[in-house]
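> Here's a sequence, model it:
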Amino acid sequence: MKYLRMYIKYTIRYTLKPLSFVPALVMMYLIFSFSGQSGAESSSLSYDVGFHFYDIVNNIFGLNLSSAQIADYATVNQFYIRKAAHITEYFLLAMSVSLPLYVYKIRGFKLSILATLFCVVYAFLDEYHQSFSYGRSPQLRDVAIDSIGIVAGVIVVRIIGFIGRKTVFRSLSDEYEEQEAA
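Next up, the predicted model:
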C-alpha cells in the first residue's frame, strides 16, 4: 500500500508539473490582447473600470455622489488606473512565471533573476507590440512601471516559497534535501 501511495503521489506530481506553466501563458495572452487594443478602446476600458470603482466606493461609503461626479473622478484618475493596471498585470505575470520555476526546483537568487529577466523582456516586447496598435505608442516609462509589478510578484513568490518550505511543504522540502545530499 505504501508503494501504491508513493506511485500515485509521484505520478500526480509529474503529470501536473508541466501544467504549472498554463497560468503564465494565460497572463501573457491577456497582456498581449490588452496591448493590441486601439488607443480609444484602451481609454474606454480604463474609464469604465474607474467609473465602476468609484461607483462601488460611493455605494460602500455612502458618499451620495452623482453619476456626473463619479464620471469626473473616473476621467481625472484614468492615468492612475492605467498604471495600476500595468502593475497588476505584471505582478500576476511575475507570480505565474515564478511559480513553475519554483516547482521545477529553481530557487533563490536564480529564480529571482530568471523570472524578472523573462518578465522585463516580455514588457519590452509588449511595448513594441503596442507600437503597431492605432493610437498607442511604446513608452519606456511603462516598462519601468511594469517592473514595479514584476519585482513585487517575484518577492511575493519567494516569500510564499520560503514560508511553504518551513511549514506546509516541509516533508517535501526534506525529501528534496535528502535527494540532493545523496
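
> got a pLDDT number for Tyr134?
Tyr134 is assigned 89 on the pLDDT scale.

> So it, which state does it fall into?
coil (DSSP: H, G, I helix; E, B strand; the rest coil).

> State the pLDDT value of the spatially closest residue to it that is not a sequence neighbour.
Leaving out its chain neighbours, the residue that sits closest to Tyr134 by C-beta to C-beta, 6 or more residues apart in numbering is Ser38, at 4.5 Å. (Each C-beta comes from the backbone N, C-alpha and C, glycine too.) Ser38 carries a pLDDT value of 90.

> Looks like Tyr128 contacts Pro138 (just checking).
Yes - between Tyr128 and Pro138 a contact is recorded at 6.0 Å, counting by C-beta atoms under 8 Å.

> The two - which one has more neighbours?
A direct count of neighbours by other C-beta atoms under 10 Å for Tyr128 and Pro138 places Pro138 higher, at 17 against 11.

> which residues does the more buried one contact?
Residues near Pro138 by C-beta atoms under 8 Å, 6 or more residues apart in numbering: 127-128, 130-131.

> quick one: it from Phe132, how far?
10 Å (C-beta to C-beta, to the nearest Å).

> again with Ser98
Taken as C-beta to C-beta, the span from Ser98 to Phe132 is 29 Å.

> Backbone dihedrals for the residue nearest to Tyr134, please?
phi -70, psi 170 (degrees, to the nearest 10).

> So it is in contact with Gln130, correct?
No - with contacts counted by C-beta under 8 Å, Ser38 stays clear of Gln130, the gap being 10.4 Å.

> got any residues that touch both of these two?
Arg136.

> neighbour count winner among the two?
Neighbours per residue (other C-beta under 10 Å) separate Ser38 from Gln130, with Gln130 holding more: 20 against 12.

> which residues touch the nearest residue to the more buried one once chain neighbours are set aside?
Distances taken as C-beta to C-beta, 6+ apart place Arg136 nearest to Gln130, at 4.5 Å, with adjacent residues excluded. Applying C-beta under 8 Å, 6+ apart, one finds that Arg136 lies in contact with 35, 37-39, 42, 130.

> Just the closest of these to Leu114, please.
Ser35 (23.0 Å; C-beta to C-beta).

> ok so, going back, what's the distance between the residue nearest to Gln130 and Ser38?
7 Å.

> do Ile87 as well
22 Å.

> Lys17 too?
For Lys17, the distance to Ser38 - C-beta to C-beta - is 39 Å.

> try Asn64
Taken as C-beta to C-beta, the span from Asn64 to Ser38 is 36 Å.

> Kind regards, and thank you for your time.
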